[in-house]
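Quick one: sequence and predicted model below, then my questions.
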Amino acid sequence: MAKIPVFYSFHFDNDVMRVQQIRNIGSIEGNPPTTPNEWEKLKRTGNKAVENWINQNMKYKRCIVVLIGSETASRPWVEHEIIKAWNDGKALLGIHIHNLRCPRNGTSRKGRNPFDLIKFNDGRAMSSVVPCYDPSSLNAYQDIANNISSWIDCAIRNKEN
């Protein structure tokens, strides 16, 4: 099966180690990881540089996967990435990652669904049309590994329709 190019949207400071686990699943082609030093340097260069980085990294992706940790929904760049993805006609989905074990911090509390906070002009929450998955707390990694490809395929099919 061909790997589908995706862009991962997440809160870097809190969740980079959890996200790395998902990258290592290997069933999808995600955007290359950015080191903490690269991300800090990028942020210091200003909002326009961050926006350009997002634009370049999202350009040829078919699906944007929002990896939801404890504070993801409150991150302005995550909101920007979600809105950009929607406006660009990209498939979108969310996956809660609070039950993935971070080597530094263990598991965390479940974060709010960021799609609940973004509203369409008619007042509906984006969560009414964008799926958000909450993997099993017993083995979140295996649940994600077993299902992420089909979740992405489903999001792409739904967006095409």
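That came through fine.

Kindly list the longest helix within the chain.
helix 140-160 (DSSP state H).

does the closest residue to Cys132 other than its chain neighbours sit in a helix, a strand or a coil?
Leaving aside its sequence neighbours, Cys132 sits nearest to Gly94 (CB to CB, 6 or more residues apart in numbering; 3.7 Å). Backbone N, C-alpha and C define where each C-beta goes, glycine included. Three-state assignment for Gly94 (DSSP: H, G, I helix; E, B strand; the rest coil): strand.

what's near enough to touch Gly94?
65-68, 113-115, 130-133 (CB atoms under 8 Å, 6 or more residues apart in numbering).

Report the beta-bridge partners for it.
The partner list for Gly94 in beta bridges (DSSP bridges) reads Val66, Cys132.

Could you report the separation of it from Cys154?
13 Å (CB to CB, to the nearest Å).

ok, and for stretch 123-133, which residues are buried?
126-127, 130, 132 (16 or more other CB atoms under 10 Å).

mind checking how far it is from the chain centre?
14 Å (CA atoms, centre = their mean, to the nearest Å).

hmm, who's touching that stretch?
In contact with stretch 123-133 (CB under 8 Å, 6+ apart) are residues 66, 68, 82, 86, 92-96, 113, 115-120, 147, 151, 154-155, 158.

and the longest helix of the chain, C-alpha only, in CSV?
Coordinates of each C-alpha in helix 140-160 appear next as CSV, following Å, rounded to 0.1, in the frame of the first residue of the first chain:
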residue,chain,number,x,y,z
ALA,A,140,-3.2,3.6,22.6
TYR,A,141,-0.1,3.1,20.5
GLN,A,142,-1.3,-0.2,19.1
ASP,A,143,-4.8,1.2,18.5
ILE,A,144,-3.3,4.1,16.5
ALA,A,145,-0.9,1.8,14.6
ASN,A,146,-3.8,-0.5,13.7
ASN,A,147,-6.1,2.2,12.5
ILE,A,148,-4.3,5.4,11.4
SER,A,149,-4.1,4.4,7.8
SER,A,150,-7.9,3.7,7.6
TRP,A,151,-8.7,6.9,9.5
ILE,A,152,-6.7,8.9,7.0
ASP,A,153,-8.3,7.0,4.0
CYS,A,154,-11.7,7.7,5.5
ALA,A,155,-11.0,11.4,6.0
ILE,A,156,-9.7,11.7,2.4
ARG,A,157,-12.8,9.9,1.0
ASN,A,158,-15.1,12.1,3.1
LYS,A,159,-13.4,15.3,1.9
GLU,A,160,-13.6,14.2,-1.7
